[in-house]
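Peer 1: Test case, fold it:
(chains A and B)
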Amino acid sequence: MNVNRPWWRPDGFAVYAVIYLTFIYLPVLFLPLFSFNKSKYIAFPLKGFTFQWYEKMINTPDLLEALMNSVKVGVAVAVVSTMFGLLAAKAVTRYRIPGQGPVLGFIMVPLVIPGIILAIALLILITQLDIPLSLWTVGFAHMLLCTPFAMLVLISRMEGFDKSLEEAALDLGEGAWMTFWRVTFPIVLPGIIASLLLTFTISFDEFVLAFFLTSTDPTLPIYIWSSLRFPTKIPPVLALGATIFVLSFVVVSFAEWIRRRGVKLESSSGI
Amino acid sequence: MSRSATSSPGISLRLRRRFLESEALRGFSLLSPTLLAMVFGLAMPLLVLFTLSFWLQDYVDFIKTFSWKNYADFFAKPIYGMILFKSIKISGMVTLATVLLAYPMAYFIALRIKTNKLVWLILITVPFWTSYLLRVFAWKLMLGYNGVVNSGLKSIGLISEPLEFLLYNPMAVTITLAHAWAAFAILPIYVSLEKIDRSLHEAARDLGENAFMTFVRVTLPLSLPGVIAASLLVFIPTVGDYVTPSLVGGPSGIMIGNIIQSMFGKAFNWPLGAAISVMVMLTITAMVCVLLWGTHQFRRRVA
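Peer 2: Sure, this is the predicted structure:
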């Protein structure tokens, strides 16, 4: 923003930014509002303030089970897809591989295919192979979707660092594994954390793949989907949505605080 | 590395050395777990989907002989083509709206904001931490009978009865999708604007271009890769979106994703569903090629 401009005559772009932020925030802010509303029905006018939906949320075992399922799948998917992403990123940034373009393009395909088509393609294969549908099949599908994201994040981190650091470690007599553990890993760590967070988030919020590929164990989005059809089941879901939102806000703020502290420490120690 | 130490190598040792010396082999062996998983999880299902689209459904079994019937059905009944066309139209409008709305915002953050850009970027992404389903549901709240818009208009006395045409139509689907995918458009455009060398703007200004022409001839062409990435990131997934039309579309807002889902649900005709999916993928690929060709032409003419 132009520093010399007085606040009562703002720049057109700043005005636009405020309008844009209103557009993306407004609908979303009504959700937590209704989680405190003293009525079963999600409609105006508001009836009064209550915490009862948060109590109901804690006392709805189905909801908590769906939440746990999503966390389990999300953690497993985050770890596996980040590992796959790390291997692929190291391969493409460290070695010249013939046909690298097409290979990378192929791994990226899940990003450019409508979710529903990937879902039914997997459903057909899995039923043809007589594999029973379960959280495992959901996790497998999420792994496919998340690996390209993990790879992109890790490639951008690995491209940034100096290859000679690894060569120095090897020349000084470290084995390949110890070089990875003591040199590559610490440098790539921020990328790994970013990838874990991103892939967990994608899996945690993914609906269509899970909708087609789970049997009786619902993930959280599937639970939400089924409760959207029953108006009275919605308020506890909104309460959970608000809780998750606040939790992720705390986590992100904390991560950002750690990152800034890290930057300060690095610069003050003269590296 | 000393090579004389391995002057009489066994076959396994020799293989080992070949392996260590060949970059391609080491690269591929690192890549192989990822690649294998993707081949099994991606290439195989798509192949099976393609094969199934030429089979036929016989109650719960498939007739596994080659047939064009599903594709013939697709073209014979105009409903499928029409709904596919409508989906493309809705997604096209969504893409246009998100990119046009996102561009000034990305421009503002990339070129006007000097400090704390990260805070602005986080500010943009915060609304998208809410579940996708709940974000779509939020628009039901906004546009519904007793929703935000109706209550607001009623309280300021503009209407006496709630408006019923706000929800359950293609327009509601378009608005909801444009909102749900906003962040996907901003980030790529922001990255491409951020990469532009600032001295190019100064050069254009020094050479006598005004601010607007500098934008048209320098900034816009250089940010096109971001615009294209944003368009593809929004267009491709929204064509097949299932959630939004189901929740806010009503009968008139149905999209091709609903048709595909019904073939795997109530209508129970998997092969026809597979054929429709193949047609959707072909159409999307064709559209993407047209878009890339169009931007190529634009670039050649302007730059």
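Peer 1: nearest residue to residue 211 other than its sequence neighbours?
Peer 2: Just going to use chain A. Using CB to CB, 6 or more residues apart in numbering or on different chains and skipping residues adjacent in sequence, the residue nearest residue A:211 is residue A:222, 6.1 Å away. Just so you know, the C-beta spots here come from the backbone N, C-alpha and C atoms, and that holds for glycine as well.
Peer 1: Chain B, not that one
Peer 2: residue B:205 (7.6 Å).
Peer 1: So what touches whichever strand or helix holds the one you found?
Peer 2: For residue B:205, the element it lies in under DSSP states H and E is helix B:198-206. Residues outside helix B:198-206 that contact it (CB atoms under 8 Å, 6 or more residues apart in numbering or on different chains): B:211, B:213-214, B:217-219, B:222.
Peer 1: residues of that helix that come out buried?
Peer 2: Of all the residues in helix B:198-206, those buried under the rule 16 or more other CB atoms under 10 Å in any protein chain shown are B:201, B:204.
Peer 1: tell me what the helix or strand following that helix is packed against?
Peer 2: The element immediately downstream of helix B:198-206 (helix or strand, assigned by DSSP H and E) is helix B:211-214. Helix B:211-214 sits against helix B:198-206, with contacts defined as 3 or more CB pairs under 8 Å, 6 or more residues apart in numbering or on different chains; DSSP states H and E.
Peer 1: circling back to that earlier point, and of the contacts of helix B:198-206, the nearest to chain A?
Peer 2: residue B:211 (12.2 Å; CB to the nearest CB).
Peer 1: residue ranges for the strands of the chain, please.
Peer 2: No chain in the question, so chain A it is. Assigned by DSSP state E, the strands in chain A number zero.
Peer 1: nope, chain B please
Peer 2: Using DSSP E, strands in chain B cover B:56-58, B:61-63.
Peer 1: I'd like these laid out as a markdown table, including distance to chain A, mean neighbour count and mean pLDDT.
Peer 2: Formatted as a markdown table, those follow (distance: least, CB to the nearest CB, whole Å; neighbours: other CB atoms under 10 Å in any protein chain shown; pLDDT from 0 to 100):
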| stretch | distance to chain A | mean neighbour count | mean pLDDT |
| --- | --- | --- | --- |
| strand B:56-58 | 12 | 15 | 84 |
| strand B:61-63 | 9 | 12 | 82 |
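Peer 1: what about those, which gets the closest to residue B:42?
Peer 2: Residue B:42 lies closest to strand B:61-63 among the strands of chain B, at 22.1 Å (CB to CB).
Peer 1: what's next to the closest one, contact-wise?
Peer 2: Against strand B:61-63 from outside (CB under 8 Å, 6+ apart): B:52, B:55-57, B:270-271.
Peer 1: Can you name the residues that contact the residue of chain B found nearest chain A?
Peer 2: Closest contact between chain B and chain A, by CB to the nearest CB, is at residue B:240 (2.5 Å). By CB under 8 Å, 6+ apart, residue B:240 lies in contact with A:114-117, B:87, B:255-257, B:260, B:280.
Peer 1: repeat that for 7 Å
Peer 2: Neighbouring residues of residue B:240 by CB atoms under 7 Å, 6 or more residues apart in numbering or on different chains: A:114-117, B:256-257, B:280.
Peer 1: Show me where chain A dips below the pLDDT cut-off.
Peer 2: A:1-10, A:259, A:262-271 (pLDDT under 70).
Peer 1: So for the closest residue to residue B:195 other than its chain neighbours, what pLDDT did the model give?
Peer 2: Leaving out its chain neighbours, the residue that sits closest to residue B:195 by CB to CB, 6+ apart is residue B:222, at 8.0 Å. Per-residue pLDDT puts residue B:222 at 88.
Peer 1: Quick one: name the residues of the stretch 101-250 of chain B near chain A.
Peer 2: Proximity of the stretch 101-250 of chain B to chain A (CB under 7 Å from any CB of the partner chain) is limited to residues B:101, B:104-105, B:108, B:112-113, B:122-123, B:127, B:129-135, B:137-139, B:141-142, B:146, B:148, B:151, B:179, B:182, B:232, B:236-237, B:239-240, B:242-243, B:247.
Peer 1: Tell me the buried residues within the residues you listed.
Peer 2: Looking at these with 16+ other CB under 10 Å, the buried ones turn out to be B:101, B:104-105, B:108, B:113, B:127, B:129-135, B:137-139, B:141-142, B:148, B:151, B:179, B:182, B:232, B:236-237, B:239-240, B:242-243, B:247.
Peer 1: In helices, which of those fall?
Peer 2: Applying DSSP state H to these, the entries found in helices are B:101, B:104-105, B:132-135, B:137-139, B:141-142, B:148, B:151, B:179, B:182, B:232, B:236-237, B:239, B:243.
Peer 1: who's in contact with the closest residue to residue B:45 other than its chain neighbours?
Peer 2: Take residue B:45 and drop its neighbours on the chain: the residue closest to it by CB to CB, 6+ apart is residue A:121, 3.7 Å away. Each residue near residue A:121 by CB under 7 Å, 6+ apart is listed here: B:45-46, B:48-49.
Peer 1: cool, and residue B:185?
Peer 2: Contact analysis of residue B:185 by CB under 7 Å, 6+ apart lists B:98-99, B:102, B:230, B:234.
Peer 1: Return the per-residue confidence for it.
Peer 2: 90.
Peer 1: can you count the residues close to residue B:28?
Peer 2: 17 (other CB atoms under 10 Å in any protein chain shown).
Peer 1: wait, doesn't it sit right on residue A:98?
Peer 2: No. Here residue B:28 lies out of contact with residue A:98, judged by CB atoms under 7 Å, at a distance of 8.7 Å.
Peer 1: Once you drop chain neighbours, what's closest to the residue in the stretch 1-150 of chain A that chain B sits nearest to?
Peer 2: Nearest to chain B, among the residues of the stretch 1-150 of chain A, is residue A:114, at 2.5 Å (CB to the nearest CB). Counting by CB to CB, 6+ apart, residue A:114 lies nearest to residue B:240, which is 2.5 Å off, once chain neighbours are set aside.
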